[in-house]
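**Q** okay, sequence plus prediction incoming.
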Amino acid sequence: MNAPRVSFVSLGCPKALVDSEHIVTRLRAEGYEIAGKHDGADVVIVNTCGFLDSARDESLDAIGKALAENGKVIVTGCLGAEPDVIRERHPGVLAVTGPQAFESVMAAVHAAAAPAHDPKLDLIPSQGVKLTPRHYAYLKISEGCSNRCSFCIIPALRGDLVSRPLPEVLREAERLVKAGVRELLVISQDTSAYGLDTRYAEATWRGRTMRTRFLDLARELGGLGVWVRLHYVYPYPHVDDVLGLMAEGKLLPYLDVPFQHASPAVLRAMRRPANREKVLERIARWRQAVPELAIRSSFIVGFPGETEADFQLLLDWLAEAKVDRAGCFKYEPVKGARANDMGLPLVADEVKDSRWRRFMAHQQAISAARLKRHVGKHLPVIIDRADGHRATGRTQYDAPEIDGVVHLSSRLPLRGGEIVTARVESADAYDLSATVG
């Protein structure tokens, strides 16, 4: 009997990708094959994103495409928390589940295409099935978020913060490293809040007692002998303690901190911390402790009520903070977000567009200056893609997919997943060029 085939679409952020990996692992454990195309598959699963209107539209379009090409579609993920929205547009979907509803997804798959054989006989890698390259993996340490930013509906979609037990996270990390992963990307909605919901409960790992908190987790991950990169780190005071691990070389000198803006007025409207001078002081202390620290962040322009003066404050702050990598988004109203009901004047689309272009040009100059300091240095580079004597990789200062790359050339053939030492020959606004050997 042929194994049933499932086609899979994964949309949204790395946290959703981890959910997709979990589902795919369950499917493979039960003998299902993962199909490369909708046409001919027994069923299609669409893991949706529902944060921004543009993401909702992309998810609804993906569902429509799957229905047109296959006809049997199961929907899960963040937009699945609003089943009426999905069924109003696509009444023919087989099932709709919310995020992390893995059992419901599997039940829907079983109803659409029963597994071919006993899963006890199936063999899958102990680390599960990954959708990222073999040499790096996302490690999700919690679900949900207890912050109440006025532009965000993540708590409504995914609930409040729920931290995974510390031993469970560390066991997963060990399995990934044993399977050949050389870079762990730690993710959650609010990574530095890890353990807050448990009141930093005590946990036992390898015969030692520690607490379920950001510092203890970071210290243990830093002892695994691989690159450990921290994402979505809110700048709480205890983050300072983790900089010591970076200074010791246990963690990559990299922090992904979602600052969102710099104007006190806009930050208050966003319900975010609003002391710009204190944040600048923190960044200065971080860089004093770890001179090579790279900071990436994300920002929103055109938030309701944002004035030209507010925007100029943001540009001035960027120039002083010297953020290495920055993503910028034009504000989109999200159904159910508090920002819709605050009575603040909306920013015209053409003004948003102008501010976005000005932001990107301003940040491009900062990024170019930050990268130029690497020219002439020898840096470790992890290779993501290789083609004989040429390859594309990343330094310790760049995360996959969202940051810059290093274009490598070498006298000897290069292989994906290797970490090599390369001499940086040149830099542009986003990327480096370097030679190996």
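**A** That came through, no problem. Residues are numbered from 1 along each chain as shown.
**Q** can you map out the helices along the stretch 301-437 of the chain?
**A** Along the stretch 301-437 of the chain, the segments classed as helices by DSSP state H, counting those that start in this stretch run 308-321, 349-372.
**Q** distance to Leu196, mean pLDDT and mean neighbour count for those helices - can I get that in JSON lines?
**A** For every residue, glycine as well, the C-beta is placed using N, CA and C. Converted to JSON lines, those look like this (distance: least, Cβ to Cβ, whole Å; pLDDT from 0 to 100; neighbours: other Cβ atoms under 10 Å):
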{"stretch": "helix 308-321", "distance to Leu196": "26", "mean pLDDT": "96", "mean neighbour count": "17"}
{"stretch": "helix 349-372", "distance to Leu196": "32", "mean pLDDT": "96", "mean neighbour count": "16"}
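**Q** who's in contact with the closest residue to Leu94 other than its chain neighbours?
**A** Nearest residue to Leu94, sequence neighbours excluded (Cβ to Cβ, 6 or more residues apart in numbering): Ile74, at 5.3 Å. By Cβ atoms under 8 Å, 6 or more residues apart in numbering, the contact list for Ile74 reads 43-46, 93-97, 105, 108-109, 112.
**Q** make CSV from the residues you listed and add neighbour count and pLDDT to it.
**A** Listed next are the contacts of Ile74 as CSV, based on neighbours: other Cβ atoms under 10 Å; pLDDT from 0 to 100:
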residue, neighbour count, pLDDT
Val43, 25, 95
Val44, 28, 96
Ile45, 28, 95
Val46, 29, 95
Val93, 22, 93
Leu94, 17, 93
Ala95, 20, 92
Val96, 26, 93
Thr97, 22, 90
Val105, 24, 90
Ala108, 22, 90
Val109, 24, 91
Ala112, 18, 90
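**Q** out of these, who's nearest Thr209?
**A** Val105 (36.6 Å; Cβ to Cβ).
**Q** give me every residue that touches the closest one.
**A** 23, 45, 74, 76, 95, 97.
**Q** all strands of the stretch 251-400 of the chain, in order?
**A** For the stretch 251-400 of the chain, the strands defined by DSSP state E, counting those that start in this stretch cover 254-256, 294-301, 325-330, 378-387, 390-394.
**Q** now render the helices of the stretch 301-437 of the chain as CSV, adding distance to Asp39.
**A** Shown next, in CSV, are the helices of the stretch 301-437 of the chain (distance: least, Cβ to Cβ, whole Å):
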stretch, distance to Asp39
helix 308-321, 47
helix 349-372, 38
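**Q** nearest to Asn340, of those helices?
**A** Here helix 349-372 is closest among these (Cβ to Cβ), at 16.2 Å.
**Q** contacts only, for Arg287.
**A** Leu293.
**Q** okay, and for the stretch 51-200 of the chain, where does confidence drop off?
**A** 116-127, 129 (pLDDT under 70).
**Q** to which secondary structure element is Leu139 assigned?
**A** According to DSSP states H and E, Leu139 maps onto strand 136-140.
**Q** partner strands of the helix or strand that comes right after that strand and their direction?
**A** Using DSSP H and E, the helix or strand that directly follows strand 136-140 along the chain is strand 142-143. Note on strand 142-143: by DSSP bridges, its sheet partners are strand 162-163 (antiparallel).
**Q** who's in contact with stretch 289-297?
**A** 240, 243-244, 246-247, 253-259, 283, 286-287, 321, 323-327, 370, 396-399, 402-403.
**Q** what is the end-to-end distance of it?
**A** Across stretch 289-297, the terminal residues are separated by 19 Å (Cα to Cα, to the nearest Å).
**Q** in it, which residues are buried?
**A** Under the neighbour-count criterion of 16 or more other Cβ atoms under 10 Å, stretch 289-297 has 290, 292-297 buried.
**Q** need these in TSV (columns: pLDDT and distance to Ala427).
**A** What follows is the buried residues of stretch 289-297, written out as TSV (pLDDT from 0 to 100; distance: Cβ to Cβ, whole Å):
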residue	pLDDT	distance to Ala427
Val290	96	21
Glu292	95	15
Leu293	97	18
Ala294	97	14
Ile295	97	18
Arg296	96	17
Ser297	95	20
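**Q** out of the contacts of Val105, which comes closest to Ala434?
**A** Ile23 (38.0 Å).
**Q** and the two most separated of the contacts of Val105?
**A** Between all members of these, the farthest pair (by Cβ to Cβ) comes out as Ile23 and Ala95, at 13.0 Å.
**Q** which residues does Glu183 bridge with?
**A** Note on Glu183: beta-bridge partners by DSSP bridges are Tyr136, Trp227.
**Q** burial count for it?
**A** Glu183 has 25 neighbouring residues, counting by other Cβ atoms under 10 Å.
**Q** for it, what are its contacts?
**A** Shown in contact with Glu183 (Cβ under 8 Å, 6+ apart): 135-137, 226-229, 382.
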